[in-house]
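Engineer: give me coordinates for this.
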Amino acid sequence: SYGCTDSIAKISAVEVTRPTADFSSTDTLTCTNRPVSFLNSSTGISPTYEWNFGDGNNSFVANPTHNYLLSGLYSVRLIAKDQYGCRDTLFRPSYINISLPVAAFSVSDSFSTCPPLQVGFTNLAQNAVSVQWDFGNGNTSSLANPSHNYTIAGVYTAKQVVTGPGGCRDSVTKQIVIRGPSGTFDYNPKTGCSPLTVNFTANATNHSSILWDFTDGNTATTTGNSINHTYSIPGDYLPRMILMDTGGCIVPVLGIDSIHVTGVHADFTMDKTAICDSGIVTFTNTSISNVPISSWQWNFGDGTTSNQ
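Structural biologist: The predicted model follows:
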C-alpha cells in the first residue's frame, strides 16, 4: 500500500517444445514378404517413436524395416513423442501398395494344320514391371506384345514370365499345336569330281511323299526316305526336300551344306596345224575348271611329252 515493488527474471525458465513427426519410404510399391524400409526424419528433443504399419504390427525403433505378408494397400502412422511428453502424429493413408504380379496372355491363333503359323501374343498381366516370353522352340522375347512365326510342325509350350515390383514373379503357359510333316535330311558325299553320285536320306515324319529338288534342274518324287542322284556338271548345289502329306500340306526343308562338284575340261589351241618336214608348233592351254588346276600332262603324238 506504500508503492513498494520488486521483480525477478529467470532465464530459460520455461521450455516450450513441439516434436514434428515425418517419414518416407522408397518401397511404397513392392510385393509380399519383401523388406519395406522406413526413413524417419522427425524432429524433437530425445524423441521416442511408435509405428503402426497398417497390418496390425507395430515398431518402436527409429528407422524400422517391415515385411508385409499379404497384398493390399496399407496406411502407416508414426507418433513422435519428446522427453516432456509432447507428441505429434503423421498418418499417410494407403501409403504402401503390396501387390503380386499375375501372369496372363492371349494368342491370336493356337492351332494350324500346316506350318508356318504366325502367332501374336497379347500381354494381359497385372502388376508387372517386366515380361519375358519363351515360345517353346528355343526363341525368346522381352517385348510387351510380341509376334512369333512357327515354321516347323510340332507341339510348343509358350510361356510368359512376369516380374512385379520387388522382384516377385509369376508365370503361365499356353500350348501351340501345328500339324503337318516335319523332318531333316542329310546327303553324302558333299564333295567330289563330276560325275558325282550323292545319296540323300530323309529323317521325316507325318508325310506321304517327298519331292527332291537337287537344284541342278532335276527333281524326283519318292514315297521312301532315300534316293541317289548324280551331278554331271561341276558347280555348287544346295539341295532341298519338300515334304507333302495327304491333306495337301507342303513343307520345304533346305539343305544345310552345299554340294561341291569339281571338274575340269581339257582344251587347247595351236598356232599351226600343218608344217613341212619339221617345225615348231606353239600350244596354248585353254582348259577350264571350277577349282585350281594343279598339273598338266601333254602328249604331242611323236613320242614326246611335257608337264608345263
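Engineer: look up how far residue 166 lies from residue 98.
Structural biologist: Distance, residue 98 to residue 166, by CB to CB, to the nearest Å: 8 Å. All C-beta spots, glycine's among them, are computed from the backbone N, C-alpha and C.
Engineer: neighbour count winner among the two?
Structural biologist: residue 98 (26 against 20; other CB atoms under 10 Å).
Engineer: quick check: the more buried one touching residue 70?
Structural biologist: Yes. Between residue 98 and residue 70 a contact is recorded at 6.9 Å, counting by CB atoms under 8 Å.
Engineer: what residues of the longest strand along the chain count as buried?
Structural biologist: Secondary structure of the chain per DSSP state E: the longest strand is strand 87-98. In terms of neighbour count (16 or more other CB atoms under 10 Å), strand 87-98 has its buried residues at 87, 88, 92, 95, 96, 97, 98.
Engineer: could you do stretch 135-150 as well?
Structural biologist: Taking 16+ other CB under 10 Å as the criterion, stretch 135-150 shows 135, 136, 146, 148, 150 as buried.
Engineer: again with stretch 55-62
Structural biologist: 55, 59.
Engineer: tell me how far the residue lying closest to residue 68 once chain neighbours are set aside lies from residue 165.
Structural biologist: Closest residue to residue 68 apart from its sequence neighbours, by CB to CB, 6 or more residues apart in numbering: residue 98 at 4.5 Å. Counting by CB to CB, the gap from residue 98 to residue 165 is 9 Å.
Engineer: what do the two both touch?
Structural biologist: Shared contacts of residue 98 and residue 165, defined by CB atoms under 8 Å, 6 or more residues apart in numbering, comprise 30, 31.
Engineer: show me the contacts for residue 22.
Structural biologist: Counting by CB under 8 Å, 6+ apart, residue 22 touches 40, 41, 42, 43, 78, 90.
Engineer: secondary structure element for the fifth one?
Structural biologist: When you say that, I think you mean residue 78. strand 72-81 (DSSP states H and E).
Engineer: which residues are contacting that strand?
Structural biologist: Strand 72-81 is touched from outside by 19-23, 25, 38, 40, 42, 44, 47-55, 68, 87-98, with contacts defined as CB under 8 Å, 6+ apart.
Engineer: low pLDDT regions in the stretch 51-200 of the chain?
Structural biologist: Under the criterion pLDDT under 70, no range of the stretch 51-200 of the chain is flagged.
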